[in-house]
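Asks: A predicted structure for the sequence below; I have some questions about it.
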Amino acid sequence: MFIDQVKIYVRSGKGGDGAVHFRREKYVPRGGPDGGDGGKGGDVVLEVVSTLNTLSFFRHQTRFHAEGGANGRKQKMFGKSGDDLVLSVPPGTVVYDADSGEMLADLVETGERVVVAKGGRGGRGNPHFANSVNQAPKIAEKGAPPSERILQLELKLIADIGIVGVPNSGKSTFLSVVTNARPKIADYPFTTLEPNLGVANLDQETSLVLADIPGLIEGAHEGVGLGHDFLRHIQRTRVLIHLLDGLAEDPLLDLAQINSELALFDPDLGQKLQVVAFNKMDLDDVQARWPEIERSLKKKGYEAYPISAVAGSNVRKVLGRAAQLLLEAPQVEPAPELPVYKAETDPNDFTISREDDGGYRIRGEAIERAASMTYWEYFQSVRRFQRILKVLGIDAALREAGVQNGDTVYVGDFDLEWQD
């Protein structure tokens, strides 16, 4: 099954905890602190693999966790860093933050990588906190918490040439004739419900990648008939082969309608070079209409070819002309994204609010991270956290808010009791 849009949850690995430990060898008095640092948590990475052409791997599994870092140990033995989790995606995958809508990456080249969730750093062991005053610190850091986010992955097919037209105009038949693709073909509208890719070899040195885009209907630019899902696959193509249905009531109206839908969805689509082909010339009625259609197309500035996709007549001429235009067409730039407003935030900023039980809730990136990295069972670690409260101005803000001895203060997942 062709899957071209998915949402996945990714979480990096937590950093390993730093160790509180002291040398305890028989003949080494006052051996000093020797707790090792924790290992770094693994990153979550997306990597382009050329053999993939859909996002179907993510159809049944949508939650991914990287490995956490190992804890530090005695004798300054550092914890092992967690392995990165590498998720393979096909070329043409666009990565968005599902919450903000911000585009994070447009992955096109094979082997291209992007880190979407960075692993937490390992906590420092107690040797880092030794000084001339405190030579035996009972203090260390826990590993930094993991980062997590929900990603929206969208696949835009990477093809040289897109085949467009109204439903049942013969696009899939054309693709099957000129390439080794085997799309579903039948004599009713909307046979093609998903894009198809095929490779056409013009000669030993020239090959073209073609995409058969499902039939577009009026209102496609507004999403009618899955229009948005189909139209975005045309954005990366550089040349279009526009098939006209020779049995249609008004092929010229169909041509104008499709070109209008392309331009309304993306103005650049309306400017793409096109080869127009009048299909189903194996039928007598269509052959009789061709001279009049040809004259009308020439008046409008179109160079058109009469073809029969079923019989294979003139299809190589259309393909050859598309190859010539491909040499003239400019390289496709990534589609411009709407700017996403991101407020400039300082990680040291914080807010204080009251909970229903009368406690005080502190929210802020830096203070919540510090709380998660504190060893609450060690008095010196608690004292260090109190110093962080003062440095960030939270201590003074709590006093101004009216905090009293015995009040509960919430920071992240921790419930603390306020004591002067």
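Replies: All right, it came through fine. Numbering: from 1, shown residues only.

Asks: need the contact list for residue 94.
Replies: Residue 94 makes contact with 103, 105, 106, 107, 153, 154, 155, 156, according to Cβ atoms under 8 Å, 6 or more residues apart in numbering. Heads up, the C-betas are built off the backbone N, CA and C, glycines and all.

Asks: Secondary structure and neighbour count for those - can I get that in TSV?
Replies: As requested, the contacts of residue 94 are arranged in TSV below (DSSP: H, G, I helix; E, B strand; the rest coil; neighbours: other Cβ atoms under 10 Å):
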residue	secondary structure	neighbour count
103	strand	17
105	strand	18
106	strand	17
107	strand	22
153	strand	23
154	strand	17
155	strand	24
156	coil	21
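
Asks: Of these, which is the nearest to residue 309?
Replies: Distance to residue 309, by Cβ to Cβ, is smallest for residue 156 among those, at 25.6 Å.

Asks: where's the closest one relative to residue 265, distance?
Replies: Between residue 156 and residue 265 the computed distance is 13 Å (Cβ to Cβ, to the nearest Å).

Asks: what does residue 117 give?
Replies: Residue 117 sits 32 Å away from residue 265, going by Cβ to Cβ.

Asks: for residue 142, same thing?
Replies: Distance of residue 142 to residue 265, given as Cβ to Cβ: 50 Å.

Asks: try residue 132
Replies: 69 Å.

Asks: okay, the two: which has more neighbours?
Replies: Just comparing residue 132 and residue 265: by other Cβ atoms under 10 Å the higher neighbour count belongs to residue 265, 22 against 5.

Asks: how near is the more buried one to residue 258?
Replies: 11 Å.

Asks: try residue 288
Replies: Per Cβ to Cβ, residue 288 is found 24 Å from residue 258.

Asks: Mind checking which of those two has more residues around it?
Replies: Taking other Cβ under 10 Å, residue 288 and residue 258 do not tie; residue 258 has more neighbours (24 against 10).

Asks: That one in helix, strand or coil?
Replies: What DSSP: H, G, I helix; E, B strand; the rest coil gives for residue 258 is helix.

Asks: list the contacts for it?
Replies: By Cβ under 8 Å, 6+ apart, the residues touching residue 258 are 164, 165, 166, 216, 242.

Asks: want to throw those residues into JSON lines with secondary structure, pLDDT and neighbour count?
Replies: Shown next, in JSON lines, are the contacts of residue 258 (DSSP: H, G, I helix; E, B strand; the rest coil; pLDDT from 0 to 100; neighbours: other Cβ atoms under 10 Å):
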{"residue": "164", "secondary structure": "strand", "pLDDT": "86", "neighbour count": "27"}
{"residue": "165", "secondary structure": "coil", "pLDDT": "84", "neighbour count": "27"}
{"residue": "166", "secondary structure": "coil", "pLDDT": "82", "neighbour count": "21"}
{"residue": "216", "secondary structure": "coil", "pLDDT": "55", "neighbour count": "26"}
{"residue": "242", "secondary structure": "strand", "pLDDT": "91", "neighbour count": "23"}
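
Asks: if we can go back for a sec, now, the most widely separated pair of the contacts of residue 94?
Replies: Within the contacts of residue 94, 103 and 155 form the most distant pair, 14.0 Å apart (Cβ to Cβ).

Asks: Near the closest residue to residue 351 other than its chain neighbours, how many other residues are there?
Replies: Once flanking residues are discounted, residue 351 sits nearest to residue 363: 4.9 Å by Cβ to Cβ, 6 or more residues apart in numbering. Look at residue 363: counted by other Cβ under 10 Å, it has 14 neighbours.

Asks: Which pLDDT value belongs to the spatially closest residue to residue 156 that is not a sequence neighbour?
Replies: Counting by Cβ to Cβ, 6+ apart, residue 156 lies nearest to residue 92, which is 4.8 Å off, once chain neighbours are set aside. pLDDT for residue 92: 83.

Asks: This completes my enquiry, with thanks.
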